[in-house]
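**Student:** fold the following.
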Amino acid sequence: PRGLEQVLCPDFEWLTGLALVCLMLGCLAEGTPLGGALLRALDRVTTRIRTDTELLVRCTLGFFFVSLWSLGGIILTPELKTDVAWISWLQLALAACLIWRRTMPVTGLGLVFLFAFATAQYGVFHLADYPVFLGVAAYLILRGLDLAPFGIRPLDLVRWAAAVTLMWASIEKWAYPQWTDPLLAAKPEMTLGATPALFMQAAGVIEFTLAFALIWTPLVRRSAAIILAAIFVSAVFEFGKVDAIGHSGIIVVLLGIAADDARVPVRARQAL
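**Tutor:** Alright, predicted model coming up:
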């Protein structure tokens, strides 16, 4: 990884300052009449997604597992290869378990097993990119058993897991920007005229800010979820159907977060 002295340069500092200003403005706006109106508008637009969030998750994960079974030789994402033949059939069985609500916990446990199997094959560092799978597993188990431990909603667990996943992915953009060099060489238009170094720093800051926003207050996190979902969906047109398969799980999670109308009373609003 690059050292901190290479990452914490002036460009990084002004990008971070801009991100902090955006987060503070979003937090302050939420307590205004405009913020309330935006939340009510979001509630109206996302009503159908909110009422069918569980169904959307089950259908999307079913598509995900059937696609992995069809492709074969993949554990959870396309770069996690395996020669173990029965993994594909396990994934097909996990897709079948999503048909009934009572067997959803079986799929959740299967996800945990696949995550552990991939960790044994590729190591903890590689799987640090994918804790969202554990969040989805917890969601399936708790929804299937109709549980909310300590009053924590299943959707909140998967939201936190998605935030951690995307924050770590953004940190990798700062620590290992060279990983993206082949992609930038193949698609130089992605940098929008910026230098590759500045583009990777900015991409990391934007992704980290939006991911961090997922653990913030309702308006901020729902807005961030919409932006992130739009980014993932737009990437499908650029990178093809394999990208759609790999990111389908996190896209449906982001849609569920965007539709979530939960309100938490704010005892003290200190934006700083």
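**Student:** ok, residue 59 to residue 215 distance?
**Tutor:** 26 Å (C-beta to C-beta, to the nearest Å). Using the backbone N, CA and C atoms, a C-beta is placed for each residue, glycine as well.
**Student:** check residue 191 too.
**Tutor:** Distance from residue 191 to residue 215, by C-beta to C-beta: 30 Å.
**Student:** try residue 147
**Tutor:** 22 Å.
**Student:** between those two, who's got more neighbours?
**Tutor:** Ranked by neighbour count (other C-beta atoms under 10 Å), residue 147 and residue 215 place residue 215 first, with 16 against 11.
**Student:** using CSV, write down the CA coordinates of the helix or strand containing residue 63.
**Tutor:** Element membership for residue 63, per DSSP states H and E: helix 53-71. The C-alpha coordinates for helix 53-71 follow below in CSV (Å, rounded to 0.1, in the frame of the first residue of the first chain):
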residue,chain,number,x,y,z
THR,A,53,-38.3,-4.8,0.0
GLU,A,54,-38.1,-8.4,1.2
LEU,A,55,-39.6,-9.8,-2.0
LEU,A,56,-37.1,-7.7,-4.1
VAL,A,57,-34.2,-9.0,-2.0
ARG,A,58,-35.4,-12.6,-2.4
CYS,A,59,-35.9,-12.3,-6.1
THR,A,60,-32.6,-10.5,-6.7
LEU,A,61,-30.6,-13.0,-4.6
GLY,A,62,-32.4,-15.9,-6.4
PHE,A,63,-31.2,-14.4,-9.8
PHE,A,64,-27.7,-14.0,-8.3
PHE,A,65,-27.4,-17.6,-7.1
VAL,A,66,-28.9,-19.0,-10.3
SER,A,67,-26.5,-16.9,-12.3
LEU,A,68,-23.5,-18.2,-10.3
TRP,A,69,-24.8,-21.7,-10.8
SER,A,70,-25.0,-21.2,-14.5
LEU,A,71,-21.6,-19.6,-14.8
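**Student:** what's that helix packed up against?
**Tutor:** helix 86-97, helix 104-122, helix 132-145, helix 241-259 (3 or more C-beta pairs under 8 Å, 6 or more residues apart in numbering; DSSP states H and E).
**Student:** number of residues surrounding residue 5?
**Tutor:** 7.
**Student:** got the helices and strands packed on helix 53-71 as a markdown table, with distance to residue 154 columns?
**Tutor:** Output for the helices and strands packed on helix 53-71, formatted as a markdown table (distance: least, C-beta to C-beta, whole Å):
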| stretch | distance to residue 154 |
| --- | --- |
| helix 86-97 | 17 |
| helix 104-122 | 10 |
| helix 132-145 | 4 |
| helix 241-259 | 10 |
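**Student:** among those, which is the most enclosed?
**Tutor:** helix 132-145 (a mean of 22; mean count of other C-beta atoms under 10 Å).
**Student:** downstream of it, the next helix or strand is which one?
**Tutor:** helix 154-175.
**Student:** what is that following helix packed up against?
**Tutor:** By 3+ C-beta pairs under 8 Å, 6+ apart, helix 154-175 packs against helix 132-145, helix 196-213, helix 241-259.
**Student:** so where's this structure uncertain?
**Tutor:** 265-272 (pLDDT under 70).
**Student:** go ahead and flag the most central residue of it.
**Tutor:** residue 162 (3.9 Å; C-alpha atoms, centre = their mean).
**Student:** how about that one, what does it touch?
**Tutor:** Residues near residue 162 by C-beta atoms under 8 Å, 6 or more residues apart in numbering: 132, 135, 211, 214, 250, 253-254, 257.
**Student:** thanks a lot, catch you later.
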